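# based on what follows, work out the 3D shape:
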Amino acid sequence: MGRPDTLTPPRGLWRYRVDRTRSVVGGATSEGGNVYAWCREVLRLGSDDELEAALAALAPDAHGLTVLPHLAGERSPGWRGGRRGAISGLRLDTTAVEITRAALEAVALRLAMVYGLLAPCASADHAVVASGGALGRSRAWTQIIADALGHTVTSSAEPEATSRGVALLALEALGVLPDLAAVRQTLGETFTPDRAHHARFRDAIERQRRFDERV
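Numbers count the residues shown, from 1 in each chain. This is a model prediction of the structure:
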């Protein structure tokens, strides 16, 4: 957060005014749990536990696939609502789990692009907290995101993080909550990025970017 009259968001991000003294800078994505849900429905995957184990067993970016996860269009950073998803690199021996892993990695790469724009706006000691039902059900995907970002990611144990945040801001505005920073956060597991995996994902981001330009 910062003063709304001094924060200029980088191209590709948005800025929302919260109140008279603060604003929020961030990015919005159309790809996330919907991509995971699409894979589960279309690729006819196994149980959650079986899929989770299979995803975790695959090495990062070892599937030979490049995926554009724009099944619902693109928001940050390109803001192209008409974009569509695409998969490059399919082979006769490509498996459903590999396609799913590649799709989840592709979402993580998009988040890493947004994070690259957002991180310079944050303090040096900023924390990354992940919330949402899909991430809450997949440790493998949360680890992929930490590796793609190259930054520690802590999962949120709050089932309705957005609603809770709005409620806290309302309580502060009413004078019921004097210090917003003092509110206890309900956090879960922390995921530490692997440097070698991060390096592979940096290469994957550039490959995805080139593929996006071609199509």
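
# any low-confidence regions in this structure?
1-7 (pLDDT under 70).

# now the helices for it?
Along the chain, counting by DSSP state H, helices occupy 33-42, 48-57, 96-118, 133-137, 139-149, 161-173, 195-214.

# which elements pack onto the shortest one?
Spelled out, it's helix 133-137. Packing partners of helix 133-137 (3 or more Cβ pairs under 8 Å, 6 or more residues apart in numbering; DSSP states H and E): helix 33-42, helix 139-149. (Glycine included, C-beta is placed from N, CA and C.)

# check which residues of the first one are buried.
Translated: helix 33-42. 33, 35-36, 38-39 (16 or more other Cβ atoms under 10 Å).

# count of neighbours near the spatially closest residue to T190 that is not a sequence neighbour?
Leaving aside its chain neighbours, T190 sits nearest to T154 (4.7 Å; criterion: Cβ to Cβ, 6 or more residues apart in numbering). The local packing of T154 (other Cβ atoms under 10 Å) involves 17 other residues.

# measure T154 to G116 for me?
Going from T154 to G116 by Cβ to Cβ, to the nearest Å gives 19 Å.

# ok, back up a step: let's have the buried residues of helix 33-42 in JSON lines, adding distance to W14.
Compiled in JSON lines, these are given as follows (distance: Cβ to Cβ, whole Å):
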{"residue": "G33", "distance to W14": "20"}
{"residue": "V35", "distance to W14": "21"}
{"residue": "Y36", "distance to W14": "24"}
{"residue": "W38", "distance to W14": "25"}
{"residue": "C39", "distance to W14": "28"}
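
# pretty sure the residue nearest to T190 sits against T192.
No: counting by Cβ atoms under 8 Å, T154 sits too far from T192 to count as a contact (10.1 Å).

# show me what contacts T192?
When contacts are counted by Cβ atoms under 8 Å, 6 or more residues apart in numbering, T192 is found next to 146, 152.

# and it, how far from G46?
T192 sits 28 Å away from G46, going by Cβ to Cβ.

# please apply the same query to Q185.
34 Å.

# cool, and I145?
For I145 relative to G46 (Cβ to Cβ), the value is 22 Å.

# report the contact partners of the closest residue to E158 other than its chain neighbours.
Excluding the flanking residues, the one nearest E158 by Cβ to Cβ, 6+ apart is T186, at 5.0 Å. Residues in contact with T186, defined by Cβ under 8 Å, 6+ apart, are 156-158.

# so which of those are in strands?
If you go by DSSP state E, the contacts of T186 have S156 in strands.
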